[in-house]
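Novice: please find the sequence and the predicted model below.
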Amino acid sequence: MSGSNSGRNTELLSVYGREPLLPSEREYKFWSAHGTCFAYAIATWCFLTGGYAAQLVGAVQGMVCLIAGNLIGVFLISASLSAGCQRYGIEQIDFCKPSFGQNGARVVLIFYLLNMIGWSGLILVMFGNGIVNIVDALGYPSPEWLVGAGVALGIWLTYVLTTRGVHLLSLFNSIITPALIIIIVFMFYMLISTHGWAEILAAEPLDPLPSPWMNYAVCLELGIASGMSWWGGIGFLARNTKTRRNAIYPEVLQLGLIFGIVCSVALFSGLVVGSDDPTKWMVPLGGVFMGVLALLFVALANITSTSVSLFASGLALRHVPGLHKRGWKLIIALMAVPLAFFVVWPNELYDLGDAFLAYNGTMHAPVGGVLLVDYFLLRKQQLHLRSIFEAAPSGQYYYTGGFNLLALSCVIIGQLTYFWVYNPFTDAAQPLFQFVPASIAAFALPAVVYWVGMQLMSRRRAPTDGALEAKQAAKLISPNI
């Protein structure tokens, strides 16, 4: 990597590429960081999560599980990513290289892209459902193909917004965020004035499991897994902030606390209206005008959330050989292709949403545990930036054939642990699940194994003195950027 900015390609220089962002190139300050995180959080997935919780538990249990679970999940998964990506201006797959290796990070990339495609598809289906409910509320018939057409429209709007850059995304959020706050406050007011606390507290779950403790445990797991599912966008958001304070606080407050609160509003609404589909209770609560307005702004927030996901995915896709220097529009178009499945089978894929939401725990919990131990305990928050972009076997983060086999083994251990404690597809669970959420077990055990394994291997930690900087100051042998 050249030390001068003059030779850097403009498109690859900033947020369209993987080179470390300079402070002057970062878009998010205090308000824009909070606004973007808020608009990212307050989209379909918070209503979706609250709707799923309404199937299992009542208002009080659900509120505790969703708020506490989300805060725990976001904090655990964002601690290392926020600190590292903000400090070094790198996106999160590059941040994985010191612990997983140059090629091992591409294995993480697979989980990452599956998560982003799944989330994006689910919220685009809800965007399509929102259009259907708007049409129904206005008194017009809605054909069966309208949901798929709405998904297609959402893909196109997301593509347009994503290819225009972070500045337009930030501007868009500055308009959407105040409107969302007003809409959510109004919907909560209508919920309380129409039904009252007594009815909300007395409302029964829509479709609970036979065991009371199992309902509570699954709901808490749902909250923690939801918090951990933000792994996909945290690095992108932190990378574009100017200070560490603006990286960590907005993520914990907006993606954790505010997300959990709005999930609880969706929970309450689902319980008293009798539907876990948020787009179906907005009109009954707010009336036609405010209900349609709420649906409209939530739909626009869905586009914002999908755009953030697609933007982060596009950066990650540059790790694929042959795509390092491709045009940004082509990269985003490639990311949008898998979303076409949601155009063809929107409802069939949407019905798998609750299992997918829980599965986020096994996808990201072990990776988060490894990254936290590696960055804070082993490397003491010190990375050798140049080595992250060195793909030659002599590189510091190359390991064995480009893979840190210990880190990858820990991910497998975490996934097996998750499914042993709780299987989200069958709801089979061990007695341990009463006391330890599956995501926490899948986070903690790999973290401990990784720390012990690295100590036993006595691997030389990344030097932070000037000797290595001088030794590796020459041109990269095999740059991966």
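Specialist: Cool, the structure landed.

Novice: where along the protein do the strands fall?
Specialist: With DSSP state E as the definition, the chain shows strands at residue ranges 422-423, 428-429.

Novice: where does the stretch 351-481 of the chain dip in pLDDT?
Specialist: 353-361, 458-476, 479-481 (pLDDT under 70).

Novice: the chain now?
Specialist: In the chain, residues with pLDDT under 70: 1-16, 43-45, 166-170, 173, 275-281, 353-361, 458-476, 479-481.

Novice: closest to the centroid, which residue in it?
Specialist: W230 (2.5 Å; CA atoms, centre = their mean).

Novice: wait, that residue sits on V74?
Specialist: Yes: when contacts are counted by CB atoms under 8 Å, W230 is listed as touching V74 (5.8 Å). Glycine gets a C-beta too; all of them are placed from N, C-alpha and C.

Novice: list the residues that contact both of these two?
Specialist: By CB atoms under 8 Å, 6 or more residues apart in numbering, W230 and V74 have these common neighbours: E251, L255.

Novice: circling back: and the residue nearest to the centre of the chain, what does it touch?
Specialist: So W230 contacts G73, V74, I77, S78, E251, L255 (CB under 8 Å, 6+ apart).

Novice: surely the last one and A41 touch.
Specialist: The reference is to L255. Yes: counting by CB under 8 Å, A41 is a contact partner of L255 at 5.0 Å.

Novice: identify the contacts common to those two.
Specialist: Shared contacts of L255 and A41, counting by CB under 8 Å, 6+ apart, come down to nothing at all.

Novice: returning to that earlier point: so of the strands of the chain, which one's packed in deepest?
Specialist: Mean neighbour count (mean count of other CB atoms under 10 Å) peaks for strand 422-423 among the strands of the chain, with a mean of 22.

Novice: and the contacts of that strand?
Specialist: Residues contacting strand 422-423 (CB under 8 Å, 6+ apart): A217, V218, E221, A358, A428, A429, Q430, F433, P437, A438.

Novice: filter these to the buried ones?
Specialist: A217, V218, E221, A358, A429, F433, P437, A438 (16 or more other CB atoms under 10 Å).

Novice: that older thread, quick one: which two of the contacts of W230 are the most distant?
Specialist: Maximum pairwise distance in the contacts of W230, criterion CB to CB, is 11.4 Å, between G73 and E251.

Novice: neighbour count winner among those two?
Specialist: G73 (34 against 28; other CB atoms under 10 Å).

Novice: surely the more buried one and W231 touch.
Specialist: No: the criterion here is CB under 8 Å, and G73 misses it with W231 at 9.3 Å.

Novice: closest one of the contacts of W230 to L22?
Specialist: E251 (21.6 Å).

Novice: quick one: that closest one from I184, how far?
Specialist: Going from E251 to I184 by CB to CB, to the nearest Å gives 19 Å.

Novice: cool, and N246?
Specialist: On the measure of CB to CB, N246 and I184 end up 23 Å apart.

Novice: who's more crowded, those two?
Specialist: N246 (24 against 20).

Novice: contacting residues for the more buried one?
Specialist: Contacts of N246 (CB under 8 Å, 6+ apart): Y28, K29, F30, A33.

Novice: sorry, back to before: out of the contacts of W230, which one sits closest to T304?
Specialist: L255 (13.6 Å).

Novice: in helices only, show me the buried ones among the contacts of strand 422-423.
Specialist: A217, V218, E221, A358, A438 (DSSP state H).

Novice: out of those residues, who's nearest L285?
Specialist: V218 (26.4 Å).

Novice: which one of the strands of the chain lies closest to I192?
Specialist: strand 422-423 (34.2 Å).

Novice: partners of the closest one in the sheet?
Specialist: Strands that pair with strand 422-423, judged by DSSP bridges, come out as strand 428-429 (antiparallel).

Novice: hmm, back to that, can you select the buried ones from the contacts of N246 in PyMOL?
Specialist: Selection of buried members from the contacts of N246 for PyMOL, criterion 16+ other CB under 10 Å:
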select buried, resi 28+33
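
Novice: in helices, which of the contacts of N246 appear?
Specialist: F30, A33.

Novice: and the strands of the chain as CSV, adding distance to F111?
Specialist: Converted to CSV, the strands of the chain look like this (distance: least, CB to CB, whole Å):
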stretch, distance to F111
strand 422-423, 18
strand 428-429, 23
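
Novice: check contacts around G84.
Specialist: Contacts of G84 (CB under 8 Å, 6+ apart): I90, F95, L371, Y375, Q381, L383.

Novice: and the residues you listed, which are buried?
Specialist: I90, F95, L371, Y375, L383.

Novice: redo those residues as a markdown table? Include distance to G121.
Specialist: Listed next are those as a markdown table, based on distance: CB to CB, whole Å:
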| residue | distance to G121 |
| --- | --- |
| I90 | 27 |
| F95 | 25 |
| L371 | 26 |
| Y375 | 31 |
| L383 | 33 |
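
Novice: among these, which are located in helices?
Specialist: Short answer: the buried ones among the contacts of G84 in helices (DSSP H) are F95, L371.
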